[in-house]
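Student: following is a predicted model, sequence given first.
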Amino acid sequence: MAEGRPSDVGLEATQAIRRARGVVILTGAGVSADSGVPTFRDPVEGLWKHYRPEDLATPGAFQRDPCLVWSWYDMRRQAVLDCHPNPGHYAIARFLLHRNDAVLVTQNVDGLHARALEEVSTQEKARGSSGAQDRMLHLHGDILTLRCSRCSYRERNRDRVDTSSEATLPSCRTCGALLRPAVVWFGEMLDQGVLNAAFEAAARAQVCLVAGTSAVVHPAASIPQATAQGGGSIVEVNPEETPLSRLAQWQIREGAGVALPRILSGVDEYS
Ligand code: APR
């Protein structure tokens, strides 16, 4: 386990990623912190500091008071749309685009990884997207996608929501039921297909790069262990220690927006 000057540790991690056959990147809210999106558990700014999850991000809360839940998500959706991807998002997007053995598994619902990939794909259209979007797995959903609370209808939607009454909330054009954010709420199951794909990729990977997560929410926090159990290595990018740190061969105590561009630069080819 190496912990030391970020530049030395980062160089070793970069070499491991360059040599690896199969890389999984697991991200959390910390990767978006550099874009101004508050994390969940930051003692000062964390989102949950001002709200109790049970009051907002659960099916029961939506059933009891859909206007309250929608007002919180409308605020978060607008906050996210006012933010922009940061150099960490772009570094991951380029890596996904250039390395078809790379898979991104994100816990984030802010859509910033997808926006960064759209922008980078456009800039580098000559290189094609090589299915990069298919190798971007959203474990906890996407706040800018709505889904019906009753049927399978879904839509990408960035509009403001009028939360003044239930009658003004978005409703399904197929069955008329209320639409809700397409995110996984507390007490709900994750999409099993997405979860299986994430664990299968992690088990095959020779390196799992974990950035910006407190590694306290499962099953996401168990994904890097699948790489370790398969004999692979873990790189952690986080200014703070986490329960995963003890498994990480390389611990880079820096912000993702600074460390990821350095670690992922120039690793688009096998060495
Ligand atoms: N770069 C990298 N890491 C950072 C940065 C940064 N600039 N700033 C903060 N961090 C780290 C913090 O040290 C912390 O370990 O990011 C982590 C953020 O942890 P959380 O706020 O717990 O967010 P996350 O790990 O994504 O939460 C997981 O919990 O509430 C649920 O569904 C929600 O997806 C979320 C899940």
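Tutor: Happy to help now that I have it. Residues are numbered from 1 along each chain as shown.
Student: list the buried residues for stretch 122-138?
Tutor: Neighbour-count burial for stretch 122-138 flags 129, 132, 135-138 (criterion: 16 or more other Cβ atoms under 10 Å). Just so you know, the C-beta spots here come from the backbone N, C-alpha and C atoms, and that holds for glycine as well.
Student: kindly report the same for stretch 250-270.
Tutor: 250-264, 267.
Student: with stretch 197-212 instead?
Tutor: 197-199, 201-212.
Student: re the thing from before, now, the most widely separated pair of the buried residues of stretch 250-270?
Tutor: Arg253 and Val267 (20.9 Å; Cβ to Cβ).
Student: filter the buried residues of stretch 197-212 down to the ones close to the ligand.
Tutor: With Cβ under 6 Å from any ligand atom as the criterion, the buried residues of stretch 197-212 include 211-212 near the ligand.
Student: from the buried residues of stretch 197-212, which is closest to the ligand?
Tutor: For the buried residues of stretch 197-212, the minimum distance to the ligand (Cβ to the nearest ligand atom) is 3.7 Å, reached by Gly212.
Student: measure the closest residue to that closest one other than its chain neighbours to Ala57 for me?
Tutor: Once flanking residues are discounted, Gly212 sits nearest to Gly30: 2.6 Å by Cβ to Cβ, 6 or more residues apart in numbering. Between Gly30 and Ala57 the distance is 19 Å, computed by Cβ to Cβ, to the nearest Å.
Student: who has more neighbours, these two?
Tutor: Taking other Cβ atoms under 10 Å, Gly30 and Ala57 do not tie; Gly30 has more neighbours (26 against 23).
Student: where does the stretch 101-250 of the chain come near the ligand, residue by residue?
Tutor: Near the ligand, when you scan the stretch 101-250 of the chain using Cβ under 6 Å from any ligand atom, you find 107, 140, 211-214, 217, 237-240, 242.
Student: contacting residues for the residue nearest to Gly212?
Tutor: 39, 211-214, 238-239, 255-256 (Cβ atoms under 8 Å, 6 or more residues apart in numbering).
Student: ok, which stretches of the stretch 1-150 of the chain are strands?
Tutor: 2-3, 23-27, 102-106, 136-138, 141-148 (DSSP state E, counting those that start in this stretch).
Student: in the stretch 1-150 of the chain, what residue lies closest to the ligand?
Tutor: Gly30 (2.3 Å).
Student: lowest-confidence helix or strand of this structure?
Tutor: When the helices and strands of the chain are scored by mean pLDDT, DSSP states H and E, strand 2-3 comes last with a mean of 60.
Student: coming back round to it: inside strands: which ones of the buried residues of stretch 197-212?
Tutor: If you go by DSSP state E, the buried residues of stretch 197-212 have 207-211 in strands.
Student: just give me the closest of those residues to Val183.
Tutor: Ala211 (20.4 Å).
Student: in contact with the nearest residue to that closest one once chain neighbours are set aside, which residues?
Tutor: Nearest residue to Ala211 in three dimensions, chain neighbours excluded: Val237, at 4.1 Å (Cβ to Cβ, 6+ apart). In this structure, Val237 makes contact with 209-212, 252, 254, 256, 259-260, 263, judged by Cβ under 8 Å, 6+ apart.
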